[in-house]
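Enquirer: generate a structure from the sequence data that follows.
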Amino acid sequence: MKDDNTFSDNGPPPTTSAHERGKNSDGSTLSPPPGVPQDAPSSTDPPPMERRLTPRHHVRLLLVALVVVLVVLAGGYGVFRAISPPTPQASSAFQQIHCPFTLGLGLVEGKDVRCGFLVVPEDRSQPKGHTIRLAVAIFKTPNPNPAPDPLLVLGGGPGLPQLATTGPFINTGNLAFFAPPDRDYILLDQRGVGYSQPSLRCLDNETRRACHDRLMKSGINLNAYTTLENAADVHDLIRALGYRQVNLDGISYGTRLALTIMRLYPADLRSVVLDSVIPPQVNGFTSIPPSTLRAFDVLFQRCTTDSSCNATYPHLQAVFYQLVADLNTTPITFDTTLQTGKTVTVKFTGNDLVLGLRQALYTTGLIPQLPRVIFQIRQHDYTLLSRIYGSSSDDTMSWGLFYSVECGEDMAFTTRHALETSVQGLPPQAQPALLDLDLSFFSTCQFWEMKPVPAIQKEPVRSTIPTLILQGEYDPATPPANGMLAAQTLRKSYFFLVPGVGHAVQARSTCPDDIMRTFLENPTAKPDASCISSMQEPTFT
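Expert: Predicted coordinates for the structure are as follows:
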């Protein structure tokens, strides 16, 4: 899920199906969205869910996700309607177009890269209704003997684009960095996101309610923008592009989507990579407080056991929580320059510090600096804080898609009381910020008017599809326990905890990338992960 701007209180806020199609391992029937053909073969808005990454990371992941981990799925518009037969669906078509982003050095459009729109029904229960267009970019492998199954990336958020944030950074020199050299590499802007049409992006300075009302008045059916429809879109894309199977690479919210595809369309998949998992049975909202505290504790404990960090930043945990209390009593202000070049004055409270630390832990490159940031603030030095704050703005998020997914999937399956209970047992200084974050989402979902998705979607996904599960040690949104939980019902899964990294472990070091490549070469065998033992904890600055 999308994470918020680090140290920011501005901007909008910020988952073993039997390998037989349509059946769980217990034989119960599951159906995709009505009408989908089934092939027998297999500035006080809350922060975003998925942290902005460097161009290098943006590429293969896209990202990360979970501001706070939100996401769920539960009962609604008939996607799993097993009692009524599927309605005939308008066929999906792929229409080639000029690539909407600047191609990287050496790439030739039409030869190395092909872009287009996948045209699909907005609502598959209304096959004669409106259609929408999903933006796609296919990077062709230079290998003259390509593997028949490409690598398809499922980005996070939900609501983060891929074409605009990843496409321009791929060139002939680094294409092999993003995908194995013998496979095509596919980027998809999910429905409502990026270059896909219509866009569910909220306008600058638009309130959440105003965004909702504008989208509704434009004729968009927000209840059609769900993980279940996203999964059907991927199924249609695979068919439209002529592939028999693909390998999925899901990051953060993309793992929830990948798991849904594993449940509904197992025949489409050769293998699956789940990076920073949010399983469907985990409620992203109620899990925010305990997941945050776990990551805080990892940071504090690692600093304590690191002799240099402990000597430079003694009693880090106590200093942090005292600073939270002090800043809530007496907020600070500092100037920062945003990525747009605009200079703004920021008012910063203790609650902002709690959310800021949480979001900073998403990004592996920031982790070594966090003890220093905390002690600088204590000493009234906001230099590093200002720099991080200003560089973390993100205007690419499709908040309309985010709320459409999250309100129907996670918030529909919890209560205000459960949210309030989820902060119990946390340090009292951290409770207000995390509860306010959850309640902000709760408030928005009250008027977003999303139907709950079918309750069966909240059940664990059971599958025999080969699956690689990667989790980061410092991840504040999708803790290692999420990956272990998902692995319990994925019979051919391989779980690895990657030390020293935050949310989304790919492109953080060569080790997890090597594990992933080895897995994709032969997903039926456990990949060699011996490199993990040589990975280092952060070197605190």
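
Enquirer: now the helices for the stretch 51-200 of the chain?
Expert: For the stretch 51-200 of the chain, applying DSSP state H, counting those that start in this stretch gives helices covering 55-60, 163-166, 175-178.

Enquirer: let me know the outermost residue of the chain.
Expert: Ala311 (36.3 Å; Cα atoms, centre = their mean).

Enquirer: where does that one land in three-state SS?
Expert: Under DSSP: H, G, I helix; E, B strand; the rest coil, Ala311 falls in the helix class.

Enquirer: if I look at it, how far off is Thr304?
Expert: From Ala311 over to Thr304 the distance is 11 Å, taken as Cβ to Cβ, to the nearest Å. Every residue, glycine included, has its C-beta placed from N, CA and C.

Enquirer: for Met411, same thing?
Expert: Met411 is 37 Å from Thr304, by Cβ to Cβ.

Enquirer: swap in Ser530?
Expert: 28 Å.

Enquirer: mind checking which of these two has more residues around it?
Expert: More neighbours surround Thr304 than the other of Ser530 and Thr304, with 15 against 9 (other Cβ atoms under 10 Å).

Enquirer: for that one, which residues are in contact?
Expert: 310, 316-317 (Cβ atoms under 8 Å, 6 or more residues apart in numbering).

Enquirer: and the pLDDT at it?
Expert: We have a pLDDT of 97 for Thr304.

Enquirer: over to Lys458?
Expert: 93.

Enquirer: so it is in contact with Pro280, correct?
Expert: Yes - counting by Cβ atoms under 8 Å, Lys458 touches Pro280, with 5.4 Å between them.

Enquirer: who has more neighbours out of the two?
Expert: Pro280 (26 against 22).

Enquirer: quickly note the distance from that one to Leu259.
Expert: Taken as Cβ to Cβ, the span from Pro280 to Leu259 is 6 Å.

Enquirer: Lys140 now?
Expert: From Lys140 to Leu259 the distance is 28 Å (Cβ to Cβ).

Enquirer: so the two - more neighbours on which side?
Expert: Leu259 (32 against 18).

Enquirer: now that one: closest residue in space, sequence neighbours ignored.
Expert: Val461 (4.4 Å; Cβ to Cβ, 6 or more residues apart in numbering).

Enquirer: what helices and strands are in contact with the helix or strand hosting Val346?
Expert: Using DSSP states H and E, Val346 sits within strand 343-348. In terms of contacts (3 or more Cβ pairs under 8 Å, 6 or more residues apart in numbering; DSSP states H and E), strand 343-348 is packed against strand 332-337, helix 383-391.

Enquirer: just checking: what are the partner strands of that strand?
Expert: Using DSSP bridges, strand 343-348 pairs in its sheet with strand 332-337 (antiparallel).

Enquirer: please identify the buried residues of the strand it pairs with?
Expert: Going by neighbour count (16 or more other Cβ atoms under 10 Å), the buried part of strand 332-337 is 332, 334, 336.

Enquirer: who does the first one form a beta bridge with?
Expert: In this case it means Ile332. Here Ile332, judged by DSSP bridges, has bridge partners Phe348.

Enquirer: relative to Leu107, how far out is it?
Expert: 47 Å.

Enquirer: for the second one, same thing?
Expert: Between Phe334 and Leu107 the distance is 42 Å, computed by Cβ to Cβ.

Enquirer: repeat for the last one
Expert: Computed as Cβ to Cβ, the Thr336 to Leu107 distance reads 36 Å.

Enquirer: got any ranges where this structure has weak pLDDT?
Expert: 1-91, 393-394 (pLDDT under 70).

Enquirer: the closest residue to Asp123 other than its chain neighbours - how many residues pack around it?
Expert: Of all residues not flanking Asp123 in the chain, Ala224 sits nearest, at 4.1 Å (Cβ to Cβ, 6+ apart). Ala224 sits with 22 neighbouring residues when counted by other Cβ under 10 Å.

Enquirer: same question, Leu237
Expert: Using other Cβ under 10 Å: Leu237 sits among 21 other residues.

Enquirer: distance of it relative to Leu259?
Expert: 18 Å.

Enquirer: got it, and Glu109?
Expert: For Glu109, the distance to Leu259 - Cβ to Cβ - is 34 Å.

Enquirer: can you give me the distance of Pro279 to Lys458?
Expert: 10 Å.

Enquirer: repeat for Cys115
Expert: Distance from Cys115 to Lys458, by Cβ to Cβ: 36 Å.

Enquirer: please name the residues that touch Pro142.
Expert: 112, 172, 175, 181.

Enquirer: tell me which helix or strand Val405 sits in.
Expert: Using DSSP H and E, Val405 falls within helix 399-409.

Enquirer: what helices or strands is that helix leaning on?
Expert: helix 208-217, helix 227-240, helix 431-448.

Enquirer: elements contacting the longest one?
Expert: The reference is to helix 431-448. Against helix 431-448 (3+ Cβ pairs under 8 Å, 6+ apart) you get helix 208-217, helix 288-305, helix 350-360, helix 399-409, helix 416-421.

Enquirer: quick one: that helix to helix 288-305, angle?
Expert: Relative orientation of helix 431-448 and helix 288-305, computed by axes from the mean of the first three to the mean of the last three Cα atoms, to 10 degrees: 150 degrees.

Enquirer: next: the shortest one.
Expert: Using the same axes, to 10 degrees, one finds that helix 208-217 and helix 288-305 are set 130 degrees apart in direction.

Enquirer: how about helix 208-217: buried residues?
Expert: So helix 208-217, judged by 16+ other Cβ under 10 Å, has buried residues 208, 211-212, 215.

Enquirer: repeat for the longest one
Expert: For helix 431-448, the neighbour count (16+ other Cβ under 10 Å) marks 431-435, 437-438, 440-442, 444-445, 448 as buried.

Enquirer: for the contacts of Thr304, pick the one with the most neighbours.
Expert: Leu316 (22 neighbours).

Enquirer: gap between that residue and Asp297?
Expert: 11 Å.

Enquirer: just Phe320 next, same as before
Expert: Relative to Asp297, and taking Cβ to Cβ, Phe320 is found at 11 Å.
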